[in-house]
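**Q** With the sequence up front, the predicted model follows.
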Amino acid sequence: MASKESRRPPLHPLETPSWNLTLCGEEDNAAGAPPHFVRACHAVGRDTRCCDELSWLGEMSWLVVDETKVYGGWSIGLETEHGGSHGFGTPVDIDLAILTARIAEAAQDWFTGCEHTFWPVASRNPLRLLKPQVRNGRAVWVSPGDGTVICGIGDLCE
């Protein structure tokens, strides 16, 4: 008798495998998704938990899509329960630290530019946002004033 897996019809050539991930990683079914994509998304998601200004966006989640058959790369998007979304494309063979900083930057750009919510804030007067960067092989939040590393991306709320 054939297994359920072998009876599943093949994907249409333009269908793309995708994974919906919770913001911070609780109760995900990420089987088959690139592990470094999952880790990077969840690290950035953890850093949104201590920003009350983001609560009006409601429940947020990540969408990871393998679009190599269509566009030659993968996409990562952040979605809200109210229908807002923002994402970007990336190759699958990207380093975890670089990917984490890119996801943090994309989320920050979307929150600031489209949702008018400043995250994460280094200071309110003058308004300065922490900058995501890679330092010594780690994705970190950096103070824009003096370049001091504040914490690793994923550790902002600790």
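**A** Noted; the coordinates are in hand.

**Q** contacts and neighbour counts: CA atoms only from here.
**A** Noted.

**Q** Now for residue 83, how many residues are close by?
**A** 8 (other Cα atoms under 10 Å).

**Q** Just the element for it, please.
**A** Here residue 83, judged by DSSP states H and E, is contained in no helix and no strand.

**Q** Assign the residue nearest the centre of the chain to helix, strand or coil.
**A** Residue closest to the mean C-alpha point of the chain, counted by Cα atoms, centre = their mean, is residue 41 at 3.5 Å. Of the three states, residue 41 takes helix under DSSP: H, G, I helix; E, B strand; the rest coil.

**Q** got a list of what it touches?
**A** Contact analysis of residue 41 by Cα atoms under 8 Å, 6 or more residues apart in numbering lists 23, 24, 62, 100, 103.

**Q** Is it correct that the third one is in contact with residue 18?
**A** In this case it means residue 62. No - the pair residue 62 / residue 18 is not scored as a contact, 10.3 Å apart, by Cα atoms under 8 Å.

**Q** what about dumping the CA coordinates of stretch 125-143 to PDB?
**A** Taking Å, rounded to 0.1, in the frame of the first residue of the first chain, the C-alpha atoms of stretch 125-143 are listed here in PDB:
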ATOM      1  CA  ASN A 125      14.000  63.200  21.300                       C
ATOM      2  CA  PRO A 126      15.500  63.400  18.800                       C
ATOM      3  CA  LEU A 127      13.700  60.400  17.300                       C
ATOM      4  CA  ARG A 128      16.300  57.800  16.500                       C
ATOM      5  CA  LEU A 129      15.700  54.200  15.500                       C
ATOM      6  CA  LEU A 130      18.100  51.300  16.300                       C
ATOM      7  CA  LYS A 131      19.800  50.000  13.200                       C
ATOM      8  CA  PRO A 132      20.000  46.300  12.400                       C
ATOM      9  CA  GLN A 133      23.500  45.300  11.400                       C
ATOM     10  CA  VAL A 134      25.800  42.300  11.300                       C
ATOM     11  CA  ARG A 135      28.800  42.600  13.700                       C
ATOM     12  CA  ASN A 136      31.300  39.800  14.300                       C
ATOM     13  CA  GLY A 137      29.000  37.300  12.600                       C
ATOM     14  CA  ARG A 138      25.900  38.200  14.700                       C
ATOM     15  CA  ALA A 139      22.800  40.100  13.800                       C
ATOM     16  CA  VAL A 140      22.500  43.000  16.300                       C
ATOM     17  CA  TRP A 141      20.700  46.300  17.100                       C
ATOM     18  CA  VAL A 142      23.100  49.200  17.000                       C
ATOM     19  CA  SER A 143      22.600  52.700  18.400                       C
END
